[in-house]
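Peer 1: Predicted model, plus sequence, below.
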Amino acid sequence: MERILTYAEAIREATEQEMARDPTVILLGIGVDDFKAIYGTTKGLIEKFGPERVFDTPLSEDAMTGVAIGAALAGLRPIHVHIRMDFVLLAMNQLVNIAAKGRYMYGGAVSVPIVVRAIIGRSWGQGAQHSQSLHSYFIHVPGLKVVAPSTPYDAKGCLIKSIRDDNPVMFIEHRMIHYQKGHVPESTYTIPFGKARVLAKGDDITLVGISYMAVECLRAQKLLTEVGISAEVIDPVSLNPFDLDAIAGSVRKTGRLLVVDTAWVTCGVSAEVVAQLTERFQDSQQIRVQRMGFKPVTCPTTKNLEDLFYPNSQKIASAAYTLVHNNRKFWTPTHVEPPEIMEFRGPF
Amino acid sequence: MYEKFYRSLYRIRRVEEEIARIYTTDKIKSPVHLSIGQEAVSVGVCEALGRDDIVFGTYRGHALYLAKGGDLRKMIAELYGKATGCAKGKGGSMHLIDTDVGVMGMSAVVGTTIPLAAGYAYALKLRGKNSVVASFFGDGAVDEGVFHESMNFAALKKIPIIFVCENNFYSIHSHQRARQALCNIAERARVYGMPAERIDGNDVLRIYERVMKGVQEIRSGSLGPRFFECMTYRWMEHVGPNEDFEAGYRLRSEAEPWFEKDQVKRLGDFLDPEARQMIEDEVEGEIREAFEFAEQSPFPDDVDLYTDTFKEA
């Protein structure tokens, strides 16, 4: 029988198994040891591994990131959890100036094996400072690996890989995929970085979905079958390193690319993917491209504006349809609120 | 003991004088922040530490690097941007490192290494090691939020760490009085829950004694941070090889009492002239040899631009 876990349970299992396997793995962050246990992802770990290896921190994101890096320099493998990615902004100096650069600027004398788990919120009025997906900030800087798996299977394998990696890894988790269920083996396994996953095969257009948008792209793919469009859906899984070859291979076949990010478009992953693909294809093949992401404003809290702000399966399907029909035909499917958003209740 | 202290002080002073002398040739194409005048703090603290103890410092780190036993040849080669440098020529004066002797990498961003030192000390405690971490920073770092966050964490977790504030009164050209309402930094550290004291006079022996006591207490099981605010004075400009008393932000008369307290001269005077001469001759030979090593070393290869961004599995 298939073993089914949620994404959040997969994260917890990966953490528990790695902490049991390797005594140098520690877990820190605001709230990792409380009764809510970061949406259950750290549940029971303090009881199992004790308060020295699993600890709540003062509200000092800057220093605590430095502490995690310093502990890594001393041979530990810290996992630092941020319940909102917005809070990671307080730790940018340590991440950008030390974690990313340490190995290079010290001539290879040190390495910084830390994992920073950054959770992206959305919907239910999360608003301006509880909804940001800032992964592009980290991809911009050489020296940080960035992964954003979208399935429970990849979440477990990627987290184990991140913990075992000798470099700093930003592990991006979207709150709305914490509920996704899927097959997760009990054994430990790793997912290689820099290898995209084809979630659905298709011939007419390539949909690339970052993090939660991979889920929405899959929903759009189903909607598109109703109007006779066969979409290929690719989840990059890892954003740095990035598997451009997989996407190029798909676009060579489909000739059309829609990259959907759970973030703003400008200077983001969608812009980067489109730019790199265009550079690669400019002498060989005419391709049609489009980017989609947050509207270029601050995230509002009120529901009707929030719905306009975020991309969703309906908007993806509609844009894909237009792209396939070379801007000559238009179609918008009925929007069905996905269960994770419909069922979500606060406080958060 | 005096001989050991003098050798360290004299060596740092003379290395930096040579750096200042050679700087006009533009062979060192990178900023240098000289420690001249402040050597006593690094020497006093590092003499109280062992080889297995760890130090974290700042971009003004030549003195700390050398006092803790960092390789002189690799340091000069690093300043010259050579492949044989302690960071393979890719870090320069502000990012010195020698992990073999516990000198962790220095940082050009004020305050950044303070939490790193705290994290390192946390790991030492977790792993049951008997080593101590010393975290060096200036009075400018005390303005940074991360300083306060780190003080709190260190006291909260009772980690084996010595905080060493090198108070030279200036953050670049800005006096402490223009930046801090309460200028007694030790007093401010104390309220975080750790023993803290101010050591006046740039006195290398006094610094050594006080820090030694703190280190011994930590080693004998009385864990938790100790804080030392060491009053000192930077003789040269903030960055570069020259004096800057003509610039107008400080007066030579302010510096003069510190010139009189020069610890290189003071310790030298304790020694008999013959022993002193022998130390100086040895150090001069070592410095000559280090600069020759740097001169003769190759620059990194073009392919080295791309190495060491990530550690490969």
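Peer 2: Nice, thanks for sending it over. Numbering: from 1, shown residues only, chains lettered A, B, ... in the order given.

Peer 1: For B:A255, see how far away the nearest residue to B:R250 once chain neighbours are set aside is.
Peer 2: Residue nearest to B:R250 in three dimensions, not counting chain neighbours: B:Y170, with 7.1 Å by CB to CB, 6 or more residues apart in numbering or on different chains. C-beta here means a position set from N, CA and C on the backbone, and glycine is covered the same way. Per CB to CB, to the nearest Å, B:Y170 is found 11 Å from B:A255.

Peer 1: Those two: who's more crowded?
Peer 2: B:Y170 (19 against 16; other CB atoms under 10 Å in any protein chain shown).

Peer 1: pLDDT value on the more buried one, please?
Peer 2: At B:Y170, the pLDDT value in this model is 96.

Peer 1: tell me the phi and psi of it?
Peer 2: Here is the backbone geometry of B:Y170 (degrees, to the nearest 10): phi -130, psi 130.

Peer 1: try the one 5 residues further on
Peer 2: Dihedral angles phi and psi of B:H175 (degrees, to the nearest 10) take the values phi -70, psi 150.

Peer 1: repeat for A:N240
Peer 2: The phi/psi pair for A:N240 (degrees, to the nearest 10) is phi -150, psi 110.

Peer 1: what bridges to it?
Peer 2: A:V146 (DSSP bridges).

Peer 1: ok, the closest residue to B:D139 other than its chain neighbours - how many residues close by?
Peer 2: Closest residue to B:D139 apart from its sequence neighbours, by CB to CB, 6+ apart: B:N167 at 4.3 Å. Number of residues near B:N167 (other CB under 10 Å) recorded here: 24.

Peer 1: Let me see the contact set for residue 55.
Peer 2: Assuming you mean chain A. A:I26, A:L27, A:L28, A:V32, A:D33, A:I46 (CB atoms under 8 Å, 6 or more residues apart in numbering or on different chains).

Peer 1: wait, chain B
Peer 2: Contacts of B:V55 by CB under 8 Å, 6+ apart are B:V45, B:C46, B:L49, B:L64, B:K68, B:G102, B:V103, B:M104, B:V133, B:A134, B:S135, B:F136.

Peer 1: same thing but 7 Å
Peer 2: Applying CB atoms under 7 Å, 6 or more residues apart in numbering or on different chains to B:V55 gives the contacts B:C46, B:L64, B:K68, B:G102, B:V103, B:M104, B:A134, B:F136.

Peer 1: B:G105 too?
Peer 2: A:G102, A:Y106, A:V110, B:H95, B:I97.

Peer 1: What subset of those is buried?
Peer 2: The neighbour count (16 or more other CB atoms under 10 Å in any protein chain shown) marks A:G102, A:Y106, A:V110, B:H95, B:I97 as buried among the contacts of B:G105.

Peer 1: Tell me the one of these nearest A:Y7?
Peer 2: A:G102 (30.6 Å; CB to CB).

Peer 1: Give me the nearest residue to that closest one, chain neighbours excluded.
Peer 2: Closest to A:G102 by CB to CB, 6+ apart is A:V112, at 4.9 Å.

Peer 1: Please tell me I have it right and that neighbour contacts A:I69.
Peer 2: Yes: counting by CB atoms under 7 Å, A:I69 is a contact partner of A:V112 at 5.6 Å.

Peer 1: neighbour count winner among the two?
Peer 2: A:I69 (29 against 25).

Peer 1: what about chain A, any weak spots by pLDDT?
Peer 2: Residues of chain A meeting the criterion pLDDT under 70: A:346-348.

Peer 1: list the contacts for the residue positioned nearest the centre of it?
Peer 2: Chain A has A:A148 as the residue nearest its centroid, 2.5 Å off, counting by CA atoms, centre = their mean. If you count contacts by CB under 7 Å, 6+ apart, A:A148 has them with A:H135, A:I172, A:I210, A:S211, A:L239.

Peer 1: And for A:K253, the neighbour number?
Peer 2: Counted with other CB under 10 Å, A:K253 comes out at 14.

Peer 1: again, but for A:R280
Peer 2: The burial count for A:R280: 17, using other CB under 10 Å.

Peer 1: if we can go back for a sec, could you find which two of the contacts of B:G105 are furthest from each other?
Peer 2: That would be A:V110 and B:H95, which, of these, are the farthest apart (CB to CB) at 11.0 Å.

Peer 1: Residue numbers of chain B in contact with chain A?
Peer 2: B:86-88, B:90-91, B:95, B:97, B:99, B:104-105, B:107, B:109, B:112, B:115-120, B:122-124, B:126, B:145-146, B:149-150, B:152-153, B:156, B:307-311 (CB under 7 Å from any CB of the partner chain).

Peer 1: Show the buried residues in those residues.
Peer 2: B:86-88, B:90-91, B:95, B:97, B:104-105, B:107, B:109, B:112, B:115-120, B:122-124, B:126, B:146, B:149-150, B:152-153, B:307-310.

Peer 1: In strands only, show me those.
Peer 2: Here DSSP state E is the test, and these give no hits in strands at all.

Peer 1: how about the strands in the chain?
Peer 2: If you meant another chain, say so; for now it's chain A. With DSSP E as the criterion, chain A has strands spanning A:4-6, A:25-29, A:54-55, A:77-82, A:115-120, A:145-147, A:169-174, A:181-183, A:197-200, A:205-209, A:231-235, A:238-240, A:256-264, A:288-294.

Peer 1: looking at chain B here, not the other one
Peer 2: B:54-56, B:133-138, B:161-167, B:170-171, B:174-175, B:196-199, B:226-231.

Peer 1: so B:K158 makes contact with B:L223?
Peer 2: Yes: using CB under 7 Å, B:K158 is in contact with B:L223, at 4.6 Å.

Peer 1: anything in contact with each of these two?
Peer 2: If you check B:K158 and B:L223 against CB under 7 Å, 6+ apart, no residue is contacted by both.

Peer 1: got the residues of chain A near chain B?
Peer 2: So far as CB under 7 Å from any CB goes, chain A lies against chain B at A:52, A:58, A:60, A:62-63, A:66-71, A:73-76, A:93-94, A:97-98, A:102-111, A:142-143, A:166-167.

Peer 1: try it again with 6 Å
Peer 2: A:52, A:58, A:60, A:62-63, A:66-67, A:69-71, A:73-74, A:76, A:97, A:103-109, A:111, A:142-143, A:166-167 (CB under 6 Å from any CB of the partner chain).

Peer 1: which among these end up buried?
Peer 2: The buried subset of these - by 16+ other CB under 10 Å - is A:60, A:62-63, A:66-67, A:69-71, A:73-74, A:76, A:97, A:103-109, A:111, A:143, A:167.

Peer 1: With distance to B:E292 as extra columns, can I get the strands of chain A in CSV?
Peer 2: Listed next are the strands of chain A as CSV, based on distance: least, CB to CB, whole Å:
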stretch, distance to B:E292
strand A:4-6, 64
strand A:25-29, 46
strand A:54-55, 51
strand A:77-82, 42
strand A:115-120, 45
strand A:145-147, 41
strand A:169-174, 43
strand A:181-183, 64
strand A:197-200, 56
strand A:205-209, 57
strand A:231-235, 57
strand A:238-240, 43
strand A:256-264, 54
strand A:288-294, 57
